[in-house]
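Undergrad: Any chance you could fold what I've pasted below:
(one chain, ligands or ions: 2)
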Amino acid sequence: MKKDLLYEGKAKKVYSTENPEELIVDYKDDATAFNGLKKGTIEGKGVINNKVTNHLMKMLEKNGIPTHFIKELSDRETLVKKVTIVPLEVIVRNIAAGSLSKRLGLPEGTKLGSTVLEYCYKDDALGDPMVNDYHIKAMNLASDEELKTIADYSFRINTLLSEYLADLNIELVDFKLEFGRLTDGTIVLADEISPDTCRFWDSKTHEKLDKDRFRRDLGNVEDAYKEIMKRLMGE
Ligand code: TMP
Ligand code: ASP
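TA: Ligands and ions are numbered 1, 2, ... in the order given. This is a model prediction of the structure:
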């Protein structure tokens, strides 16, 4: 079914298929951090991120969020709708951590008074700089209407995911989303939702169950990914 390798990113490969409207995503075990400066392998990550992403995308679809998901093909491969990615990393934050803690001097774990939405311009050479609505408009990265849709979906996704994960004793600290345009221009959720792209903390112990274990050399990286898959999917 796979035809040509169209793109190889840090964590995934993307292939064309016989259908010009559909692509195959293939998840790798490779892990990077700090814009590729730190490199490693998290054994089994590709399988877990593929399954966790699809599980969460299906849940979001059921709740009215359009996504690129079509069908899981194998442990590591998923058929998705072809999109043009809007070149923004959309970050949603409920609790201070990571770069927000550093930038604003808020200790990690500080509950934010309200949800914070941030945009970063997807450009590795520039180190994905943070931008606001005005930069996005001035650089023509997305129209006002598209950005409104993206923000609206992002807040709804935050509510849906936070509630879903709370039942599994997982606190959704923050996460990163990417959106794409279908050929007819419709905005859909794309990319992945996984321990690579979210901060998941155990609700009781606040233990980190995500890629921060790799970024910060905390150990038990594989176990954290497995624990997330187990809580979400019983596997
Ligand atoms: P940050 O605190 O480092 O800005 O990260 C915020 C969230 O975004 C966190 O859940 C991890 C995720 N993230 C990515 O998915 N990709 C990235 O390249 C970065 C920097 C963060
Ligand atoms: N994956 C990203 C990179 O290599 C960053 C991260 O997730 O921390 O730059």
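Undergrad: Run through the strands of the protein in chain order.
TA: With strands called from DSSP state E, the chain shows them at 5-8, 12-16, 22-27, 30-33, 38-41, 69-72, 77-81, 84-85, 88-95, 111-121, 130-131, 170-181, 187-190, 198-202.
Undergrad: hmm, who's touching the lengthiest helix in the chain?
TA: Taking DSSP state H as the criterion, the chain has its longest helix at helix 144-166. By Cβ atoms under 8 Å, 6 or more residues apart in numbering, the residues outside helix 144-166 that reach it are 56, 59-60, 63-65, 86, 88, 90, 92, 94, 115, 117, 133, 136-137, 142, 171-172, 175, 177, 179, 181, 187, 189, 193, 200, 203. From N, CA and C alone the C-beta is placed, and that goes for glycine too.
Undergrad: Pull out the buried residues from these.
TA: Buried by 16 or more other Cβ atoms under 10 Å: 56, 59-60, 65, 86, 88, 90, 92, 94, 136, 142, 171-172, 175, 177, 179, 181, 187, 189, 193, 200, out of the contacts of helix 144-166.
Undergrad: so which of those residues are also by ligand 1?
TA: Restricting these to those touching ligand 1 (Cβ under 6 Å from any ligand atom) yields F175.
Undergrad: re the thing from before, buried residues of the longest helix of the chain, list them for me.
TA: Those would be 146-147, 149-150, 153-154, 157-158, 160-162, 164-165, for helix 144-166 by 16+ other Cβ under 10 Å.
Undergrad: Just send the residues you listed back as TSV, with distance to ligand 1 too.
TA: Shown next, in TSV, are those (distance: Cβ to the nearest ligand atom, whole Å):
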residue	distance to ligand 1
E146	21
L147	19
T149	20
I150	15
Y153	16
S154	12
I157	13
N158	12
L160	17
L161	12
S162	13
Y164	16
L165	13
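Undergrad: what about the protein, any weak spots by pLDDT?
TA: Along the chain, the model assigns pLDDT under 70 to no residue.
Undergrad: No more questions from me, cheers.
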